[in-house]
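# Let's see this in three dimensions:
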Amino acid sequence: MHNELSYTDQWPDHLFFCCVTAPEQYGNTLIADGRKILQLLDPEVVEMFEQRKVTYIRNLHDGTGFFGASWQDTFETQDKDEVTEFCKKSNIDFEWKKDGGLRTMQLGLGVATHPVTKEKVWFNQADQFHASNHPPDYYAAMVDMCGGKLDELPQHACFGDGSEMSDEVLDSIRNAFKQLTVYFPWRKGDVLIIDNMLMAHGRAPIPEIVRSWLQCPKVM
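Numbering: from 1, shown residues only. Prediction:
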């Protein structure tokens, strides 16, 4: 569950979804009200994120690595100068690594105020970016591969002051979303328009056996 591009300093006001072919099962589009998330969370957690904000970290390899994404795929270019210019214009802190990889850091909000309604809303992707969002065994393996350095993971989130977020805090956020997530059935021709600041969105998981079938090559 996330608000689109909430890790940047520019994001879309509205998102548009439509249903061309209604699914028979799995992969539901999910939505949750950021105002209600704010009300459900412990006030101390809300204050942490409102005051400290969130830093989003990416470690992108040079195209020869196998762990995470490459900067070429992420920025859709092979030109380092083009990437450098984009980062400068987008207020993204960056560092070209000796091994040819790229490290980026973006400071985003934790809590935002809607420009029209003036309501405060939960507005970040910390729980999604943090590697603890993966299954425990996978999370532990990833941390081990990075020598225990969380900020060396392919992507990571910490507070804006550099301090780490506890698993307990992140779990409380995920649990709040679970309680407030709305599922709905798509019908052919349906259109969904959401306010990107007020409403988070996501997709329900697809069981692995179905995911594997969808991703395997099809013989026509």
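# buried stuff in whichever helix in the chain runs longest?
Longest helix in the chain by number of residues (criterion: DSSP state H): helix 167-180. Going by neighbour count (16 or more other CB atoms under 10 Å), the buried part of helix 167-180 is Val169, Leu170, Ile173, Ala176, Phe177, Leu180. For glycine as for every other residue, the C-beta is placed from the backbone atoms N, C-alpha and C.
# Who are the packing partners of the helix or strand just after it?
Scanning forward in sequence from helix 167-180 by DSSP states H and E, the next helix or strand is strand 182-183. Contact partners of strand 182-183 among helices and strands, from 3 or more CB pairs under 8 Å, 6 or more residues apart in numbering; DSSP states H and E: strand 29-33.
# Against which helices or strands is the strand it packs on packed?
helix 167-180, strand 182-183, strand 191-195, strand 199-203.
# Return the list of strands paired to that strand, each annotated with direction.
Partners of strand 29-33 in the sheet, by DSSP bridges, are strand 182-183 (antiparallel), strand 199-203 (antiparallel).
# and the strand or helix carrying Leu107, average pLDDT?
Element membership for Leu107 (DSSP H and E) is strand 102-108. The pLDDT scores in strand 102-108 average 96.
# Quick check: which ranges of the chain have low pLDDT?
Scanning the chain for pLDDT under 70 picks out 208-220.
# residue ranges of the strands in it, please?
If DSSP state E is used as the criterion, the strands of the chain fall at 14-18, 29-33, 54-60, 93-96, 102-108, 111-113, 120-122, 155-159, 182-183, 191-195, 199-203.
# The third one vs strand 155-159, what angle?
Relative orientation of strand 54-60 and strand 155-159, computed by axes from the mean of the first three to the mean of the last three CA atoms, to 10 degrees: 160 degrees.
# and strand 54-60, how far out from the chain's middle?
11 Å (CA atoms, centre = their mean, to the nearest Å).
# Need the contact partners of the strand holding Leu107.
Residues from elsewhere that reach strand 102-108, judged by CB atoms under 8 Å, 6 or more residues apart in numbering: 6-9, 53-60, 62, 71, 83, 87, 91-97, 124-125, 160.
# Go again with 6 Å.
6-7, 53-60, 71, 92-96, 124, 160 (CB atoms under 6 Å, 6 or more residues apart in numbering).
# So what are the sheet partners of that strand and their directions?
Strand 102-108 is paired, per DSSP bridges, with strand 54-60 (antiparallel), strand 93-96 (antiparallel).
# and the first one, which residues are buried?
So that's strand 54-60. For strand 54-60, by 16+ other CB under 10 Å, it's Val54, Thr55, Tyr56, Ile57, Arg58, Asn59, Leu60.
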